[in-house]
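> Here's my sequence, what's the structure:
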Amino acid sequence: MNETGFSDDNNATFAGNVSVEQDGRFHNFSGEPSSDFNISSVYDVIVYVSLALGVPGNILSAIVWLRRHVASENPSATYLAALAINDLVFLITN
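Numbering: from 1, shown residues only. Predicted coordinates:
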């Protein structure tokens, strides 16, 4: 640690008042972890939220676009239904 508050080690990336070490944890300039906050936990939350919103949303979208009334009057309905099914398969497999 030098007098400017920045560490001299090469494995830290600085962003604002904290640095992100290679282990994925946030550290303040004193070198202590700022909290038990972990970047992988943010990734987990994003994945679960996208699954919770994406799976029912794509199922509902496919049902709406595949209705006979909608599909017969709108030629792009088949394409949009296929897109919703493709998104649903992508969400489930990843």
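> Which stretches in the chain count as helices?
Under the criterion DSSP state H, helices of the chain are mapped to 39-65, 68-73, 77-93.
> deepest of those helices, which one?
Compared across the helices of the chain, helix 77-93 shows the largest average neighbour count, a mean of 14 (mean count of other C-beta atoms under 10 Å). Using the backbone N, CA and C atoms, a C-beta is placed for each residue, glycine as well.
> got the angle between that one and helix 39-65?
150 degrees (axes from the mean of the first three to the mean of the last three C-alpha atoms, to 10 degrees).
> So if we follow the domain assignment, how does this protein break up?
Using automatic domain parsing, the domain parsing of the chain gives 1-31, 41-93.
> rank those domains by pLDDT, which is bottom?
Note on the domains of the chain: domain 1-31 shows the lowest mean pLDDT, a mean of 54.
> Can I get stretch 52-59 as PDB, trimmed to CA atoms?
The C-alpha trace of stretch 52-59 is given here as PDB (Å, rounded to 0.1, in the frame of the first residue of the first chain):
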ATOM      1  CA  ALA A  52     -38.100 -16.900 -12.700                       C
ATOM      2  CA  LEU A  53     -39.200 -14.200 -15.200                       C
ATOM      3  CA  GLY A  54     -38.100 -15.800 -18.500                       C
ATOM      4  CA  VAL A  55     -39.600 -19.300 -18.200                       C
ATOM      5  CA  PRO A  56     -43.200 -18.300 -17.400                       C
ATOM      6  CA  GLY A  57     -43.000 -15.300 -19.700                       C
ATOM      7  CA  ASN A  58     -41.800 -17.400 -22.700                       C
ATOM      8  CA  ILE A  59     -44.400 -20.100 -22.000                       C
END
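> what's in contact with it?
With contact meaning C-beta atoms under 8 Å, 6 or more residues apart in numbering, stretch 52-59 is reached by 84-85, 87-88, 91-92.
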